[in-house]
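Undergrad: What shape does this take:
(chains A and B)
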Amino acid sequence: MFAEKYRRAYDEVTPSQQIVSAVLRQAEEAQGAPGRRNRRKIRTAAAVAAVFLAVCAGGFAVLPVCAAQIPAFYRVIEFVSPGLADRLIPVEKSSSSQGITMEVEAVDLQGDAAEIIVSVRDEEGSALDRIHGPVDLFDSYHLSGIGTDQFVGGCHFLTYDEETGRAYFKIEVHSSGGEWAGKLRFSVREILCNKRKERRTIDLSDVRESAETKVVQLSGTSGMMDEEDLPASLRRIEGTSDDPRWQQAVLDLMAVEDCAAEDFTVTGSAYMDGVLRLQICMGDTRHADRHVEEVLVDAAGNEYCADFSVSWQEEIGETGYQFYEYWFINKIENREDLENYSMYGIFHNSGESVEGQWTVTFRVE
Amino acid sequence: MHKENSYEEVIRRRSDMVYRLAFSLVKSKADAEDIYQDVFMQYIKRGPVFDSHAHEKAWFVRVTVNRCKNHWKSPWVRRRAAYWETAASCDAGRCAEDGFVQGMSAATAGGTDMEAEENRSVIEAVKQLPEKYRVVIHLFYYEEMSVEEIGKATGSRPSTVRTRLTRARRILKDQLGGL
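TA: Model prediction:
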């Protein structure tokens, strides 16, 4: 009964034709098939025509209206999200600070939801070269409105466009006041530049057979395991009345003083109770965003993500170091089998924090 | 199967499966589309050669589940999840969660109102489950994979998969009845 209902419900869920076409187009590119450029022109022209019709139809207007030429963001957004590109209305209003220009490129208003495309780039004439790849607004963005009440649902980095030197974001906003009306003000206080990701091999040759542990106060957990499925040694410890935070016994491998504040430090690994445990210090993350996607690879090339991870903070003076411990549970039968496995990590690092004041006010009706 | 001639064929064959699996595991249509693109980009980039359709299906299921796991772990998704948890006072019609259902409801526009409503309630009940339960429910009921196959795809023991299925069914039975 449920199986039938579930199947029927999901039979109706299919990807949009635009996204299927986008993927097929990229497959064509990979195989060197001709014809891509012509289709891109057709799609871009269609997007601009859609914008023109939407504005002329008076459904809503955003100031300033259409630019005389095709805005650069269409080409970029069309590649990332074809469906969204077709719905966007240009705004193209900007603000500069600290050698960086932030521009509200376009909006898509659908009922009580709005998606706003924002870009950041080096200010014209600036020699600082701060924006040359992925960047992060680091939760420092704020949207305020006049005449409506809204809240921001998330900020998602889309892509960096080398041609124009712009990094694009999508901001999702919901309004509690029904239809959009009046002015919106979008501001940013901090931009993380020099984001980079790097694939590094993680050495499994010195995985310890045993290691001392220490109890820390958890700042977060992530994973799909049930608490009762975890080995006893990995179960959380309830907090005290003085400090109700959950506690965890983690590997005691390296003193925090020996970890880098501005980089990753793989502090070590151990295989205990059928669990491969990998510990990484992310350094001081108060004004940086560092995280790792760690992947265990077996002899057949199958890749496995960690089943569970825990995180905590350790401090030296004013510097707070973020630690993560990743657990691969019941993947490896015994320690001797480790020689049949390898591991790599995709290390994501944002280097430089630039604080400033970028504010754009634009009208939606 | 020769990869040089089968990109389009494989993408078309696995397109709905990858999208449905991603849609069942993440919070929004936009996230499902991102994961859909990532999975096929990985396929195009790596160009794996499959021994059989079963091998091909297992590969796409595993890569999609792994991609979703990474998606849940990404700092901005965590921050966003925390935001939605704290914004629990938002009304039913304008949560991000509802964006998910709206995406589905648009897709079901072809059915009758009653069918669409029933479809929506089924999907909504499942999406309330923790991620680890949604994975096994979708692979078991939609992809008709065995407990052992689900275990291989998700990196879990069959006993763990069975436990999760049992618990998920119990929760869904309370919500939907007649399970």
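Undergrad: Quick one: low-confidence residue ranges for chain B.
TA: B:1-5, B:27, B:72-113, B:177-179 (pLDDT under 70).
Undergrad: show me where it has helices.
TA: Counting by DSSP state H, chain B has helices at residues B:7-25, B:29-46, B:53-73, B:75-86, B:96-107, B:113-127, B:131-137, B:147-154, B:158-176.
Undergrad: Would you point to the one among the ones you listed that's packed deepest?
TA: Highest mean neighbour count among the helices of chain B (mean count of other Cβ atoms under 10 Å in any protein chain shown): helix B:131-137, with a mean of 23. (Each C-beta comes from the backbone N, C-alpha and C, glycine too.)
Undergrad: contacting residues around it?
TA: A:6, A:224-226, B:24-25, B:65, B:68, B:72, B:126-127, B:129, B:150, B:154, B:161, B:164-165, B:167-168, B:171-172 (Cβ atoms under 8 Å, 6 or more residues apart in numbering or on different chains).
Undergrad: redo that, cut-off 7 Å
TA: If you take Cβ atoms under 7 Å, 6 or more residues apart in numbering or on different chains as the criterion, helix B:131-137 is touched by A:224, B:24-25, B:65, B:72, B:126-127, B:129, B:150, B:154, B:161, B:164-165, B:167-168.
Undergrad: got the CA positions of it in CSV?
TA: Taking Å, rounded to 0.1, in the frame of the first residue of the first chain, the C-alpha atoms of helix B:131-137 are listed here in CSV:
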residue,chain,number,x,y,z
GLU,B,131,18.3,11.6,6.4
LYS,B,132,19.5,8.1,7.3
TYR,B,133,15.9,6.9,7.2
ARG,B,134,15.0,8.7,4.0
VAL,B,135,17.8,7.0,2.1
VAL,B,136,16.7,3.5,3.0
ILE,B,137,13.0,4.2,2.4
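Undergrad: where in chain A is pLDDT low?
TA: A:31-70, A:146-153, A:176-181, A:365.
Undergrad: Is chain B within reach of the strand or helix carrying A:Tyr74?
TA: Remark: A:Tyr74 resides in helix A:72-80, with elements defined by DSSP states H and E. No: judged by Cβ under 7 Å from any Cβ of the partner chain, helix A:72-80 makes no contact with chain B; its nearest approach is 8.3 Å.
Undergrad: How about the contacts made by the closest residue to B:Glu33 other than its chain neighbours?
TA: The spatially closest residue to B:Glu33, leaving aside those adjacent along the chain, is A:Ile19, at 5.3 Å (Cβ to Cβ, 6 or more residues apart in numbering or on different chains). By Cβ under 7 Å, 6+ apart, A:Ile19 lies in contact with A:82-83, B:33, B:36-37.
Undergrad: And the helices in the stretch 51-200 of chain A?
TA: Residue ranges of the helices in the stretch 51-200 of chain A, as given by DSSP state H, counting those that start in this stretch, are A:72-80, A:82-87.
Undergrad: Can you name the residues that contact whichever residue of the stretch 101-250 of chain A sits closest to chain B?
TA: Closest residue of the stretch 101-250 of chain A to chain B, Cβ to the nearest Cβ: A:Met224 (3.7 Å). With contact taken as Cβ under 7 Å, 6+ apart, A:Met224 is in contact with A:307, B:131-132.
Undergrad: Quick check: which element contains the residue nearest to B:Glu33?
TA: Taking DSSP H and E as the definition, one finds A:Ile19 inside helix A:17-30.
Undergrad: Save the helices of the stretch 51-200 of chain A as TSV, and put in mean neighbour count too.
TA: Compiled in TSV, the helices of the stretch 51-200 of chain A are given as follows (neighbours: other Cβ atoms under 10 Å in any protein chain shown):
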stretch	mean neighbour count
helix A:72-80	20
helix A:82-87	20
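Undergrad: Export those as JSON lines, with columns for distance to A:Glu209.
TA: Output for the helices of the stretch 51-200 of chain A, formatted as JSON lines (distance: least, Cβ to Cβ, whole Å):
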{"stretch": "helix A:72-80", "distance to A:Glu209": "47"}
{"stretch": "helix A:82-87", "distance to A:Glu209": "52"}
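Undergrad: can you list the domains in chain A?
TA: Annotated domains of chain A cover A:34-195+A:354-364, A:198-349 [automatic domain parsing].
Undergrad: Out of those, flag the one nearest B:Ala116.
TA: Closest to B:Ala116 of the domains of chain A is domain A:34-195+A:354-364 (Cβ to Cβ; 17.9 Å).
Undergrad: Give the buried residues for stretch A:161-170.
TA: Across stretch A:161-170, burial judged by 16 or more other Cβ atoms under 10 Å in any protein chain shown covers A:161, A:166-170.
Undergrad: Please save the CA atoms from that stretch in PDB.
TA: Extracted in PDB, the C-alpha atoms of stretch A:161-170 (Å, rounded to 0.1, in the frame of the first residue of the first chain):
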ATOM      1  CA  ASP A 161      33.500  33.700 -14.000                       C
ATOM      2  CA  GLU A 162      37.000  34.200 -15.200                       C
ATOM      3  CA  GLU A 163      35.900  36.200 -18.200                       C
ATOM      4  CA  THR A 164      34.400  39.000 -16.100                       C
ATOM      5  CA  GLY A 165      36.300  38.400 -12.800                       C
ATOM      6  CA  ARG A 166      33.100  38.100 -10.900                       C
ATOM      7  CA  ALA A 167      32.100  35.600  -8.200                       C
ATOM      8  CA  TYR A 168      28.400  34.900  -8.200                       C
ATOM      9  CA  PHE A 169      26.000  34.100  -5.300                       C
ATOM     10  CA  LYS A 170      22.400  33.300  -5.000                       C
END
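Undergrad: Contacts for that stretch next, please.
TA: Here stretch A:161-170 has contacts from A:72-73, A:76, A:115, A:117-122, A:131, A:134-135, A:137, A:155-160, using Cβ under 7 Å, 6+ apart.
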